[in-house]
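Visitor: Fold the following.
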Amino acid sequence: RRPKGLPAKASSMPIREIVDKTFDCIREKGQVSDDDLLTLHFFFGNHFQKALDIYDAELVTKIVGEPSQRTLFHVHGSASFPYLVLQNCNWCSCPAFSKLVAKGRPEPCKHQLAARLADALGNIKTISVPDSELAKEIFEDKNKGLGELSKKFNDRMSEANP
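Guide: The predicted model follows:
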């Protein structure tokens, strides 16, 4: 059955367009309908289920650079440190994403889906940092965690939630 909000000729639409439209519907409504869940699960299966688990556990943080408004996401999954997700360039620092790219599969990993879902729903922890800190964060060695920005964020969260 065709999810609500999608054109009748959705079957001829590229997958990316259908997924983008689904996330647009989620953003507009501020909630995820059963049709949205079915659509995303159809395309992403187990990855989407894991993304829902990450979202439900509130493991996504949006970091906004000032004054540029550039955005990145820290997303925790099964690792002890967060992965870096750059939505605008369709990239994640996790090993699963690297494997997908190496295999020529353009599908997103669970961290990208969780970040996109949290951002669309607006239910996301957000912090602002100077652009210089954001740039340093992007260039840190991702195999060692996410560097100083992660530490500063964790310190800020500890102070805010004693």
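Visitor: so where's the longest helix in the chain?
Guide: Taking DSSP state H as the criterion, the chain has its longest helix at helix 34-56.
Visitor: tell me which element the most centrally placed residue in the chain falls in.
Guide: Residue closest to the mean C-alpha point of the chain, counted by Cα atoms, centre = their mean, is residue 115 at 1.8 Å. Assigned by DSSP states H and E, residue 115 belongs to helix 110-121.
Visitor: Once you drop chain neighbours, what's closest to residue 107?
Guide: Of all residues not flanking residue 107 in the chain, residue 100 sits nearest, at 6.0 Å (Cβ to Cβ, 6 or more residues apart in numbering). Every C-beta, even on glycine, is put in place using the N, C-alpha and C of the backbone.
Visitor: Send me whichever helix or strand comes after the longest helix of the chain as PDB with only the CA atoms.
Guide: The element immediately downstream of helix 34-56 (helix or strand, assigned by DSSP H and E) is strand 60-66. Presented in PDB, the C-alpha positions along strand 60-66 are these (Å, rounded to 0.1, in the frame of the first residue of the first chain):
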ATOM      1  CA  VAL A  60      21.800  11.800  18.900                       C
ATOM      2  CA  THR A  61      23.200  15.300  19.400                       C
ATOM      3  CA  LYS A  62      23.200  18.100  16.900                       C
ATOM      4  CA  ILE A  63      26.100  20.400  16.900                       C
ATOM      5  CA  VAL A  64      25.800  23.800  15.200                       C
ATOM      6  CA  GLY A  65      28.700  26.000  14.300                       C
ATOM      7  CA  GLU A  66      28.500  29.700  14.900                       C
END
